[in-house]
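Undergrad: Show me how the following folds:
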Amino acid sequence: MPLPELADRLSVSTAEVEGIERRGVPDDDGNLGLFRVGRVLEAEKHPNADRLQLCRVDVGEGDARQIVCGAWNFGAGATVAVALPGARLPGGLQLEQRKVRGELSDGMILAEDEVELGADHSGIMLLPESEPGTPLGEVLPLVEEVLLVESTGNRPDLLSIYGLAREVAALYELELGPWPGSDPGPVPNGQVGVTVENFEGCPRYIGRVFRDVAVGPSPVWLRARLASAGMRPISNVVDVTNYVMLVLGNPLHAFDLAKLAGGRIVVRRARPDETIRTLDGVERKLEPEDLMIADAERSVALAGIMGGEETEISDETTEVLLEAANFEPTGIFRTSERLRLRTEGSNRWEKGVDPYLAKPAADLATQLLAETAGATWAADADVHEGLPERPVIHYRPERADELIGLATPPTDQVRWLERLGFESRSGEVVVPTWRARDVTREVDVVEEVARERLDDVPFTLPSRRAMFGALTPAQRLRRRLEDLLAGLGLTETYTPSLRPDDRSPQALRLPEPISVEFAVLRTSLLPSLVEAAGRNVELGAARVALFEVARVYLPAEGLPNEQTHVAAIVDGGWSRAKGIVDTLYAALKAEPSFERTEHELLHPGKSAATAAGVVGELHPGVLDGVWGAFELDLAKLLEVAREEVRYADVVSFPPVHQDLAFTVPEDVSAAELAAAARKAAGEELRELRPFDVYRGEQVGEGRKSIAFAATFQSAERTLTDEDAAKLRGRIVAALRERFGAELRA
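TA: Next up is the predicted model:
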């Protein structure tokens, strides 16, 4: 089957296939035929180089080939991988017959990294006994196409090769093979001391002891499969645990039995002030809710996440205790997130691993430890308080037809469900254990049937039976603001509603966050916009101007108080940000009032508050450059917005312009003075605009001078100088009485 076809089918019905990655040796133009199994007949020191070997290698051609090699991990009699002259390696290098230090080299003895079977270049690959001349592709996976599958959070069964094989078998009506691995034989009489103090956190724990273990490198086939799955081979024992996890989806862990105090396992919660040094060499402080694997004296592993450094497998290990357990998802997730320690194991546990998988995983690992490390199974324990029953769900095939919109014969529905591992009874469906957390309702079973019919669903839009309704005032306001900001040259952006936990007292923390980066609901749009602007600048963007209209979430009784805000950040400082806010208010036929304020992200001397929010210049310590920003509450803007526009006749009488300068106490704002002046003068004061602020000896300490440009104009007559003087006098009197203001000019 062409792999793109399989990838498309899986993407539609099962999980997203992000791509197909081709690895290994080019297989065109007969290139694979130049890679063969060879047997080393002679291996001696190169006569002209101390670090090279001169070898004669049988590659099935009758006459042996002379090959110069720089590795020393083999000798005469070794079975090796050979590339002949003319062969092309994965990097594109084409081999040629050539002389090395005066001796002919008629080929190349291969290390695993040279054919993309791993990263090791410390020595050449040593193969199992094979006939010289055998095509190397029959012994090693020289050509590999790897599907990059991204499963959803509710399908932990797809985080395994066997789980994907089950899906493919169901999709194409193929026979699914049995669980990988052979029967490990009768359970030995030896018992492993396992005590589970917390069955809520660890429903099941299988422990197996192996003796006569020879720790060493894994076979090439095992190392190659791990490398293709993106994992680094370590040793045969550790590689077996990782391999079984990839095959079946159940993480395992191996302990050096000799390093376990009392030779026993205790599953418990962490003790007060307890710490553990994990395999990555980090000393980690534990909390009482952390689930631990301990011996008779101390914790030896973070359950389901990472083992401890003190009991890791080493070259001296001869006795191994294998852990094949089952852990509760939520606790593993919380510990992993708090410690910021993500592993392949924790990724599977937090999604919910089938508790029935532990035994097949232990059996496969038992077989592989015997094959790769010569281990002997000596003792066993399987501790649990009863395994969960399979869910039984009432199911109506006709309900599936209603919800899917396509008629599927009941027999076809049953046949598909059975291929996925479900069982059908009279009016009921029994869910397989590996789907027990995901499929709990009738509609979940319907979804399983729908997956099989997705290719048959026509691409149509729902029919529209009527057209009615209108936008609400809030919706109209939002669209006006979006159009206006875009017209002013700003670009709309969308940022996540979830933020890192900043420990703000207003922040609403999620009980089960996705990650530490998405732990609280945002209370403001500005922090996200600042980050977005910073990323744009880092990528070389100039004159960045971004805005967002979205919700923020504030504390309230019960559900959060959701408010819709509009916020923006612009390159250009205070004047540009305030100009945009002035334009917004003008578009709403409203007049803003500004008062000095303080905001954690804004410059303390260049920030102002309106009734709807804040505007100001970004604090220079927040982002390099000069930036302006604002954030306004749409509900408060709606209160001042004028939906109706009323015509006012053009005033034809000439205006009188005067400049007024007042000395006032330092804490009096220009906005306060302007509001009081308008109230005192009435409608004939058409405009009062501040244009200068002065501080110095002439006005005295603790005072300042604010200069205004005033425009007096009447709609009924031409104002005389005497009229303007009266209006001016009313303003001066009102400001003196209220603020202690003195007229300078």
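Undergrad: low-scoring stretches of this structure, by residue?
TA: Residue ranges of the chain with pLDDT under 70: 462, 503, 643-645, 745.
Undergrad: Name the nearest residue to Leu454, sequence neighbours excluded.
TA: Val12 (5.2 Å; Cβ to Cβ, 6 or more residues apart in numbering). All C-beta atoms are positioned from the backbone trio N, CA, C, and that covers glycine.
Undergrad: The one you found against Arg453, yeah?
TA: No. Using Cβ atoms under 8 Å, Val12 is not in contact with Arg453, being 10.4 Å away.
Undergrad: In terms of packing, which of these two has more residues around it?
TA: The residue with more neighbours, out of Val12 and Arg453, is Arg453; 18 against 14, by other Cβ atoms under 10 Å.
Undergrad: which residues does the most centrally placed residue in the chain contact?
TA: By Cα atoms, centre = their mean, the chain has its centre lying nearest to Ser515, at 7.7 Å. Contact partners of Ser515, counting by Cβ atoms under 8 Å, 6 or more residues apart in numbering, are Glu337.
Undergrad: Give the helix, strand or coil label for the residue nearest to Leu89 when sequence neighbours are not counted.
TA: Excluding its sequence neighbours, the residue lying closest to Leu89 (Cβ to Cβ, 6+ apart) is Glu114, at 5.9 Å. Glu114 falls in the helix class when you classify it by DSSP: H, G, I helix; E, B strand; the rest coil.
Undergrad: ok, Glu114 to Phe74 distance?
TA: Relative to Phe74, Glu114 is positioned 15 Å away (Cβ to Cβ, to the nearest Å).
Undergrad: With Val149 instead?
TA: Distance from Val149 to Phe74, by Cβ to Cβ: 37 Å.
Undergrad: Same question for Lys679.
TA: 98 Å.
Undergrad: Name the residue in the two with the higher neighbour count.
TA: Shown here are Lys679 and Phe74; by other Cβ under 10 Å, Phe74 has more neighbours (19 against 13).
Undergrad: Would you agree the more buried one is in contact with Val40?
TA: Yes. Using Cβ under 8 Å, Phe74 makes contact with Val40 at a distance of 6.3 Å.
Undergrad: Overlap in contacts, the two.
TA: Val80.
Undergrad: For Glu666, grab the count of nearby residues.
TA: 10.
Undergrad: Please apply the same query to Val392.
TA: By other Cβ under 10 Å, neighbour count at Val392 equals 12.
Undergrad: And the one 3 residues further on, by the same measure?
TA: Tyr395 has 24 neighbouring residues, counting by other Cβ under 10 Å.
Undergrad: measure it to Val457 for me?
TA: 21 Å.
Undergrad: Could you do Asp649 as well?
TA: For Asp649 relative to Val457 (Cβ to Cβ), the value is 63 Å.
Undergrad: returning to that earlier point: so how far is Tyr694 from the residue nearest to the centre of the chain?
TA: 53 Å.
Undergrad: the longest helix in the protein is where?
TA: helix 721-739 (DSSP state H).
Undergrad: Packing partners of the helix or strand that that one is followed by?
TA: Past helix 721-739, further along toward the C-terminus, the next helix or strand under DSSP states H and E is strand 742-743. The helices and strands touching strand 742-743, judged by 3 or more Cβ pairs under 8 Å, 6 or more residues apart in numbering; DSSP states H and E, are strand 656-665.
Undergrad: Given the strand it packs on, what are its sheet partners and their directions?
TA: strand 703-712 (antiparallel), strand 742-743 (antiparallel) (DSSP bridges).
Undergrad: Which residues does it contact?
TA: 673, 692, 694, 699-700, 702-713, 719, 721, 723-724, 728, 731-732, 735, 739-745.
Undergrad: Mind exporting the C-alpha coordinates of it to CSV?
TA: Extracted in CSV, the C-alpha atoms of strand 656-665 (Å, rounded to 0.1, in the frame of the first residue of the first chain):
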residue,chain,number,x,y,z
VAL,A,656,-12.7,84.6,20.3
HIS,A,657,-9.4,82.9,21.0
GLN,A,658,-7.5,83.5,24.3
ASP,A,659,-4.7,81.7,26.1
LEU,A,660,-5.2,81.1,29.9
ALA,A,661,-2.4,80.0,32.2
PHE,A,662,-3.1,79.0,35.8
THR,A,663,-0.8,78.1,38.6
VAL,A,664,-2.2,75.2,40.7
PRO,A,665,-0.9,72.6,43.2
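Undergrad: Just give me the neighbour total for the closest residue to Gly133 other than its chain neighbours.
TA: Nearest non-adjacent residue to Gly133, counting by Cβ to Cβ, 6+ apart: Gly60, 1.5 Å away. With neighbours defined by other Cβ under 10 Å, the count for Gly60 comes to 14.
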